[in-house]
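A.B. asks: what follows is a protein structure lacking sequence information:
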């Protein structure tokens, strides 16, 4: 019988995690590194990526995912420097300040968010798929969506982009399955990514913005079945499942890691 530990052992695998300088991306990079993968962390904040990589004993580089040429070069560099590209985690994205009422969203706000959350993810998927197909050894692509792809809460800009990520994931899963490349979406729920400890969830909605969608988010957080905020390492554990042999027969799914958010 196979040792269960072998199912989560990523020794010999190479992972690239975008947006890995902090928050959920850093949590995912930590989990993959702990499982034995050689990890390349990229982020538009190159200094932050270098700091996190130093703590984990990983590699790092600066990357603006909206630059398709830079994305192609970055993933090729990961392959060339670390020996292969087996796992891609598309975590780079923006959230704060991109919601609000539709009438208040100008063209630049809309395009900035979509260029990062959707265009950048597509560029990374395209480059990684090309490399993985050429390698011929399969691979894993993990796209970070959100529970707000299903239950809107911030506004049409962010929520729409994360719904697009979920559908892109399904389409790519079908296309790349013959190449033994599994493509899945991880959908974090309320996850505390700010400095310091997460505030206690008391059952009273926090002071929010007054926007109807945001008020809905506040109410859901107050009633979260798990009773506490998630943390980046919990998202990292879910990503490890999708990156490892534990999920060898899993592709095209939307996996909430949300403390029960979507049950409400």
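C.D. replies: Arrived safely, thanks for sending. Keep in mind that what you see is a predicted model, and the values were worked out from it rather than measured.
A.B. asks: mind naming the longest helix for this structure?
C.D. replies: helix 156-176 (DSSP state H).
A.B. asks: pull the residues that contact that helix.
C.D. replies: Here helix 156-176 makes contact (CB atoms under 8 Å, 6 or more residues apart in numbering) with 90, 93-95, 98-100, 102, 105, 109-110, 113-114, 117-118, 121-122, 125, 129, 132-133, 141, 143-146, 148-150, 152-153, 182-185, 187, 213, 251-252, 254. For glycine as for every other residue, the C-beta is placed from the backbone atoms N, C-alpha and C.
A.B. asks: which of those residues fall within helices?
C.D. replies: Using DSSP H, the subset of these located in helices is 109-110, 113-114, 121-122, 125, 129, 132-133, 213.
A.B. asks: closest to residue 35 among the residues you listed?
C.D. replies: Nearest to residue 35 among these: residue 132, at 19.0 Å, using CB to CB.
A.B. asks: so who does that closest one touch?
C.D. replies: Residue 132 is in contact with 85-86, 138-139, 141, 176, 179, 181, counting by CB under 8 Å, 6+ apart.
A.B. asks: just the buried ones from these?
C.D. replies: Neighbour counting with 16 or more other CB atoms under 10 Å marks 85-86, 139, 141, 176, 179, 181 as buried within the contacts of residue 132.
A.B. asks: for these, which one is nearest residue 203?
C.D. replies: Proximity of the buried ones among the contacts of residue 132 to residue 203 (CB to CB) peaks at residue 141, which lies at 38.7 Å.
A.B. asks: bridged to the closest one, which residues?
C.D. replies: Here residue 141 sits in beta bridges with residue 88, residue 183, going by DSSP bridges.
A.B. asks: could you report the pLDDT at it?
C.D. replies: Per-residue pLDDT puts residue 141 at 99.
A.B. asks: and for residue 201?
C.D. replies: If you check residue 201, the pLDDT there is 88.
A.B. asks: how close does it get to residue 21?
C.D. replies: Distance, residue 201 to residue 21, using CB to CB, to the nearest Å: 27 Å.
A.B. asks: again, but for residue 221
C.D. replies: Applying CB to CB, the value for residue 221 to residue 21 is 25 Å.
A.B. asks: can you check residue 100 too?
C.D. replies: In terms of CB to CB, residue 100 sits 26 Å off from residue 21.
A.B. asks: tabulate the buried ones among the contacts of residue 132 (JSON lines), appending distance to residue 160.
C.D. replies: Output for the buried ones among the contacts of residue 132, formatted as JSON lines (distance: CB to CB, whole Å):
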{"residue": "85", "distance to residue 160": "29"}
{"residue": "86", "distance to residue 160": "31"}
{"residue": "139", "distance to residue 160": "28"}
{"residue": "141", "distance to residue 160": "21"}
{"residue": "176", "distance to residue 160": "24"}
{"residue": "179", "distance to residue 160": "29"}
{"residue": "181", "distance to residue 160": "26"}
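A.B. asks: tell me which residues are up against stretch 18-29.
C.D. replies: Under the criterion CB under 8 Å, 6+ apart, residues 15, 17, 39, 41-43, 45, 48-49, 51-53, 56, 58, 60, 63, 65, 88-93, 120, 124, 144, 188, 191, 193, 231-236, 239 lie in contact with stretch 18-29.
A.B. asks: inside strands: which ones of these?
C.D. replies: Under the assignment DSSP state E, the contacts of stretch 18-29 contribute 15, 17, 39, 41-43, 60, 88-90, 144, 188 to strands.
A.B. asks: check those and tell me the two furthest apart.
C.D. replies: So, these by CB to CB: farthest apart are 60 and 188, at 22.3 Å.
A.B. asks: of those two, which one has the most company?
C.D. replies: When neighbours are counted by other CB atoms under 10 Å, residue 188 comes out ahead of the other of residue 60 and residue 188, with 28 against 24.
A.B. asks: list the contacts of the spatially closest residue to residue 100 that is not a sequence neighbour.
C.D. replies: In space, and not counting its chain neighbours, residue 100 is closest to residue 155: 5.2 Å by CB to CB, 6 or more residues apart in numbering. Going by CB under 8 Å, 6+ apart, residue 155 touches 98-102, 105, 211, 213.
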